[in-house]
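[1] Got a sequence here, can you model it:
(one chain, ligands or ions: 1)
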Amino acid sequence: MWGGRFAEGPSSIMREINASIPFDKALWRQDIAASKAHAAMLGACGIVSADDAKAIEAGLNEVAAEYEADGVPEDWALEDIHMTTESRLAELIGPAAGRLHTARSRNDQVATDFRLWVRDAIDQVDAGLEALQRALVTRAAEHADSIMPGFTHLQTAQPVTLGHHLMAYYEMIRRDRSRFADARKRSNESPLGSAALAGTGFPIDREMTAQALGFDKPTANSLDSVSDRDFALDYLMSAAQCSLHLSRLAEEFIIWASQPFSFVRLPDSLSTGSSIMPQKKNPDAAELVRGHAGRIVGTAVSLMVTMKGLPLAYSKDMQDDKPPVFEAANLLGLSVAAMTGMVAEAHFRTDRMRQAAELGYATATDLADWLVRQAGIPFREAHHITGAAVKLAESRGIALEALSLADLQDIDGRIGEGVYAALSVEASVAARASHGGTAPAEVRKRIAEAREALGMGG
Ligand code: ARG
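    Numbers count the residues shown, from 1 in each chain. As a prediction, the model looks like this:
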């Protein structure tokens, strides 16, 4: 396709290092769609004859049918998906195929194909994330009243509800979806017609191809268009941040499934056994989601480093943009699906969670709050008095509410009988009814809003 000025062909090592067909064949649908849009535009603008435009379109349909049936052939001599398709088109329709590349370069072609691919990937991951949100909301509604210990520093802090905990992940995924949507919106401009770097002298209609491919408009600067990979980076950085959330959720399940916690029994379908220890049930899917986050973050770093030193416009380094994006999409898709299954099917041990919430003096803050509210004591002093009560209970190995009133009054005479009502875990969560707090009534409001946003009914 470009041999005119060369006396010799490339060495085998040149062919191998140059070939992107082993991975960019994944772009074949987008490449065919963009070529069809380009050919129709060339015909409509009178740049190629109507007959040639028709022949090219029919030929591209035939190539697509072959790819669909038999896969894309991998011939390193043809370098990439663009030359592979054009070469097959020439075999099928003859010299008219040579007119397809008028007013186009592989530089704007690959930029267009790849934007289309990333756009599809965003739509796919968004659907997956929505399903995960639905699972979270459904399980949160089931467990709006299920009390568990809330942690800071992974130390028992205050009682919360499992519903509240699950809805925290709903919020993270909501932000992830909005990041992907933002990336999609910003990248939905068509580079096609920027040609090699400077635009073209042919009277093309960039609005027409942009519209045919579902882009909002053509890009504004041809140099930027062929050398911009921000759309891929926006996708990878959104994917990276999303993978952190999935990894944190996976980590919760891993901790909760461990025997000392036993907060959850993982679904058999997402666990594995040990080849030596018959009793084991391992949270491998969750561990791999946690592991994949590292690889997904790596893909974003990889493309940033590829791009950082490149002058305008296209450089061949940019061919390395695709493997990280394909890898991220694959790993993220698997991770979202695994966590959706985990959330939907996990058996939560609410008995164990409640038991754990009752240990660890999770309602100590409620004692301090009671002293502030009922006895008018400044919070700092109340904090100190409560500390003494916890110390006493701990020395006896009993819960706070197991201390007698006489014991409590020995610590501070202002403590009265009414304090016991504040010390139960139920009273503790019910009291935290501030907006976004863990009180079941409050959590139910947030669940109703989420259901509404997801179209699940109020
Ligand atoms: N396979 C190439 C890529 O993915 C297509 C663009 C080639 N352009 C060029 N000037 N050699 O980047």
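
[2] show me what contacts the residue of the stretch 251-400 of the chain found nearest the ligand?
    At 3.6 Å from the ligand, residue 319 is the closest residue in the stretch 251-400 of the chain, using CB to the nearest ligand atom. C-beta coordinates here come from the backbone N, C-alpha and C atoms, glycine included. Counting by CB atoms under 8 Å, 6 or more residues apart in numbering, residue 319 touches 20, 24, 80.

[3] and it, that's in a strand?
    No: looking at residue 319 with DSSP: H, G, I helix; E, B strand; the rest coil, it is helix, so not inside a strand.

[4] mind checking pLDDT for it?
    pLDDT, residue 319: 98.

[5] Then the one 4 residues further on?
    Model confidence at residue 323, expressed as pLDDT, equals 98.

[6] now do residue 363
    Note for residue 363: predicted pLDDT of 92.

[7] Contacts only, for it.
    Counting by CB under 8 Å, 6+ apart, residue 363 has contacts 158-159, 400-401, 422-425, 427-428.

[8] Please apply the same query to residue 130.
    Residues near residue 130 by CB under 8 Å, 6+ apart: 177, 454.

[9] Where does pLDDT dip in the chain?
    458 (pLDDT under 70).

[10] What's the separation between residue 365 and residue 30?
    Separation of residue 365 from residue 30 (CB to CB, to the nearest Å) stands at 56 Å.

[11] Could you check which of those two has the larger neighbour count?
    residue 30 (22 against 19; other CB atoms under 10 Å).

[12] So what does that one look like in phi/psi?
    Main-chain dihedrals, residue 30, degrees, to the nearest 10: phi -70, psi -40.

[13] Against residue 214, how distant is it?
    11 Å.

[14] swap in residue 452?
    Taking CB to CB as the measure, residue 452 falls 29 Å from residue 214.

[15] Next up, the contacts around the residue in the stretch 151-300 of the chain that the ligand sits nearest to.
    For the stretch 151-300 of the chain, the residue closest to the ligand is residue 196, as judged by CB to the nearest ligand atom, at 7.1 Å. Residue 196 sits next to 105, 107-108, 226, 313-314 when contact means CB under 8 Å, 6+ apart.

[16] ok, now residue 21?
    Neighbour list for residue 21: 72, 74-76, 78-81, 84 [criterion: CB under 8 Å, 6+ apart].

[17] What are the phi and psi values at residue 189?
    The phi and psi values for residue 189, taken as degrees, to the nearest 10, are phi -130, psi 150.

[18] Skip the chain neighbours and tell me the closest residue to it.
    residue 219 (4.6 Å; CB to CB, 6 or more residues apart in numbering).

[19] So the one you found sits against residue 187, correct?
    No: Residue 219 is beyond contact range of residue 187, at 10.0 Å (criterion: CB atoms under 8 Å).

[20] Mutual contacts of those two, please.
    With CB under 8 Å, 6+ apart, residue 219 and residue 187 have no common neighbours.

[21] Okay, buried residues for stretch 66-84 please.
    In terms of neighbour count (16 or more other CB atoms under 10 Å), stretch 66-84 has its buried residues at 67, 72, 76, 78-84.

[22] let me fix that: stretch 389-406
    Of the residues in stretch 389-406, those buried (16+ other CB under 10 Å) are 389, 392-393, 399-401, 403.

[23] try stretch 231-249
    For stretch 231-249, a neighbour-count test (16+ other CB under 10 Å) marks 231-243, 245-247, 249 as buried.

[24] Same question for stretch 37-54.
    Using 16+ other CB under 10 Å as the test for burial, stretch 37-54 gives 37-43, 47-48, 52-53.

[25] who touches that stretch?
    56-57, 60, 96, 99-100, 102-104, 192, 202-205, 208-209, 212-213.

[26] Restrict that stretch to CA atoms and write it as PDB.
    Once non-C-alpha atoms are left out, stretch 37-54 reads as follows in PDB (Å, rounded to 0.1, in the frame of the first residue of the first chain):
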ATOM      1  CA  ALA A  37     -19.900   6.800   6.000                       C
ATOM      2  CA  HIS A  38     -16.800   8.200   4.200                       C
ATOM      3  CA  ALA A  39     -17.600   6.500   0.900                       C
ATOM      4  CA  ALA A  40     -21.300   7.700   1.000                       C
ATOM      5  CA  MET A  41     -20.000  11.300   1.600                       C
ATOM      6  CA  LEU A  42     -17.400  11.000  -1.200                       C
ATOM      7  CA  GLY A  43     -20.300   9.900  -3.500                       C
ATOM      8  CA  ALA A  44     -22.700  12.700  -2.300                       C
ATOM      9  CA  CYS A  45     -20.000  15.300  -2.800                       C
ATOM     10  CA  GLY A  46     -19.200  14.100  -6.300                       C
ATOM     11  CA  ILE A  47     -15.600  13.300  -5.300                       C
ATOM     12  CA  VAL A  48     -16.100   9.700  -6.500                       C
ATOM     13  CA  SER A  49     -18.800   8.600  -8.900                       C
ATOM     14  CA  ALA A  50     -22.100   7.300  -7.600                       C
ATOM     15  CA  ASP A  51     -21.400   3.900  -9.100                       C
ATOM     16  CA  ASP A  52     -18.000   3.700  -7.300                       C
ATOM     17  CA  ALA A  53     -19.600   4.800  -4.000                       C
ATOM     18  CA  LYS A  54     -22.200   2.100  -4.400                       C
END
